[in-house]
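Asks: Here is a sequence together with a model predicted from it:
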Amino acid sequence: MAQDVDYNAELARKLGADDYGMRKYVLVMLKTGDAKPSDEERKKLMEGHLANINKLAEAGTLSVAGPFLKNDQDLRGLFLFAVDTIDEAKALTETDPAVKAGMLKAEYVQWYASAALRETNRIHNTITKIKF
């Protein structure tokens, strides 16, 4: 196999890429939890949820996050963590106030994808006009 002339060894190392430009992630599917907070509590939990997402993204462990569009499966959103194990992802997910309060519950699956996904937040910040 020929090596690609565009290969950037420093960036590959920074992103945790293997020789194929890939890495392990843990995909977290957030679903509607059993807790039914009041409107005021829900608002506070969502503010904390968004603040936590920003904190995890800034730390570099959260590569992608976002809500699902309307669906009939109780799917609310997802996190994509740049970690190797489900236990690591669980520890990070449990920092979320909406998960702690039971408003959201999580399902976990390991995933193998492009290490370039770790650059999503950096790029996103350059195209975001209004911040949460």
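Replies: Here it is on my side, so go on.
Asks: Which helix or strand lies directly C-terminal to the one helix or strand residue 58 maps to?
Replies: Residue 58 belongs to helix 39-59 when elements are defined using DSSP states H and E. Proceeding C-terminally, helix 39-59 gives way to strand 62-67 as the next helix or strand, assigned by DSSP H and E.
Asks: Show me what that next one is packed up against.
Replies: helix 39-59, strand 75-81, helix 120-127 (3 or more CB pairs under 8 Å, 6 or more residues apart in numbering; DSSP states H and E). For every residue, glycine as well, the C-beta is placed using N, CA and C.
Asks: Go through the ones you listed and name the closest to residue 66.
Replies: Closest of the helices and strands packed on strand 62-67 to residue 66 is strand 75-81, at 6.0 Å (criterion: CB to CB).
Asks: follow-up on the earlier one: and among the helices and strands packed on strand 62-67, the most buried is which?
Replies: Using mean count of other CB atoms under 10 Å, the stretch among the helices and strands packed on strand 62-67 with the greatest mean number of neighbours is strand 75-81 (a mean of 20).
Asks: Give me the contacts around the helix holding residue 58.
Replies: With contact meaning CB atoms under 8 Å, 6 or more residues apart in numbering, helix 39-59 is reached by 37, 62, 65, 79, 81, 92, 95-98, 101, 103-104, 121, 132.
Asks: can we see that at 6 Å?
Replies: 62, 65, 95-98, 101, 103, 121, 132 (CB atoms under 6 Å, 6 or more residues apart in numbering).
Asks: quick one: which of the helices and strands packed on strand 62-67 is nearest residue 22?
Replies: With CB to CB as the measure, strand 75-81 is the member of those nearest residue 22 (13.7 Å).
Asks: per-residue pLDDT, residue 5?
Replies: Predicted confidence (pLDDT) at residue 5: the value is 74.
Asks: Sorry, slip of the keys, the one I care about is residue 53.
Replies: Looking at residue 53, its pLDDT is 97.
Asks: Cool, thanks, signing off.
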